[in-house]
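# here you go, sequence then predicted model.
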Amino acid sequence: MRFSIIIPAFNAENHIRKALESIKMQIFRDFELIIVCDSCTDNTEAIAREYTDKVFTVENHCDGPTRNRGIEEAQGDYILFMDDDDWWIHEYVLTELDRKLREENEPDILCFSFIFKDWLYARPQLPTGGYWIATWNKAWKRTSIGDSRFGNVRSKSDVQFHRQMFSKRLRVVEFDALMYYYNWLRKGSQTELDRRK
């Protein structure tokens with residue numbers, strides 16, 4: 001198995017199909033899709049089961065342990081994370097990631113470009129140096145993740161995971177190719193709620 005795609009989902013019935021359709025349309029097919037439904041009270045789980053049989057239900061009420069459950073189930077060489085309200089922007093994402101990973105001799109982390117906030121372009125590395133603290137614009141080598149896990153927090157659990165991974169002095173490769181749409185500040189999203197506090 002080449003890729004494990006992990007989506008933590010919470011009451012996402014109104015938007016998760018766009019994320020799932022962007023995965024379904026991929027030309028490259030050597031992947032597994034893992035959806036972890038956290039405390040869902042709507043039809044998210046039923047929708048998820050239309051796309052994969054690897055659907056798990058948890059009652060974590062936060063995205064960190066929910067993502068961790070996905071890591072525990074993953075079998076792929078590389079793990080890719082996607083939020084339930086984001087999507088990949090074309091059908092060659094996995095094709096291009098696989099090509100680049102092989103070309104770069106299987107790095108521990110591959111960081112790729114994304115767009116957000118009315119189609120602003122974000123390269124893998126910040127203009128000030130360092131990398132975006134986000135899990136979804138990277139391919140993470142599963143064996144390099146080891147015992148690193150997301151924090152048990154309500155939001156921004158990716159900060160702890162990101163710091164753990166980049167403190168290991170792993171081999172990181174940048175791939176300035178557009179792959180992902182980050183649905184920044186979707187009404188009702190956790191990011192939008194955090195910014196209003």
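Now that the structure is in, tell me what you want to look at.
# quick one: average pLDDT of the strand ranked longest in the chain?
Counting residues, the longest strand in the chain under DSSP state E turns out to be strand 172-182. Averaging pLDDT along strand 172-182 gives 97.
# elements contacting it?
strand 87-88, helix 93-103, strand 109-116 (3 or more CB pairs under 8 Å, 6 or more residues apart in numbering; DSSP states H and E). Just so you know, the C-beta spots here come from the backbone N, C-alpha and C atoms, and that holds for glycine as well.
# could you identify which of the ones you listed is most buried?
strand 87-88 (a mean of 22; mean count of other CB atoms under 10 Å).
# quick one: contacts of that one?
Lys18, Ala19, Glu21, Ser22, Ile23, Gln26, Met82, Met179, Tyr180, Tyr181, Asn183 (CB atoms under 8 Å, 6 or more residues apart in numbering).
# switch to 7 Å and redo it
Applying CB atoms under 7 Å, 6 or more residues apart in numbering, the external contacts of strand 87-88 come out as Lys18, Ala19, Ser22, Ile23, Met179, Tyr180, Tyr181.
# show me the helices in the protein, by range?
Residue ranges of the helices in the chain, as given by DSSP state H, are 16-24, 44-48, 63-73, 93-103, 142-145, 158-166, 190-196.
# mind listing what's buried in the first one?
Residues of helix 16-24 classed as buried under the neighbour-count rule (16 or more other CB atoms under 10 Å) are Ile16, Arg17, Ala19, Leu20, Ser22, Ile23.
# how many neighbours does Phe10 have?
Neighbour count of Phe10, defined by other CB atoms under 10 Å: 20.
# and the gap between it and Met1?
26 Å (CB to CB, to the nearest Å).
# let's have the helices of the chain in JSON lines, adding mean pLDDT.
Listed next are the helices of the chain as JSON lines, based on pLDDT from 0 to 100:
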{"stretch": "helix 16-24", "mean pLDDT": "98"}
{"stretch": "helix 44-48", "mean pLDDT": "98"}
{"stretch": "helix 63-73", "mean pLDDT": "96"}
{"stretch": "helix 93-103", "mean pLDDT": "98"}
{"stretch": "helix 142-145", "mean pLDDT": "98"}
{"stretch": "helix 158-166", "mean pLDDT": "93"}
{"stretch": "helix 190-196", "mean pLDDT": "37"}
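# show me what contacts the spatially most central residue of the chain?
The residue lying closest to the centre of the chain (CA atoms, centre = their mean) is Phe81, at 1.6 Å. If you count contacts by CB under 7 Å, 6+ apart, Phe81 has them with Ile6, Arg67, Thr135, Trp136.
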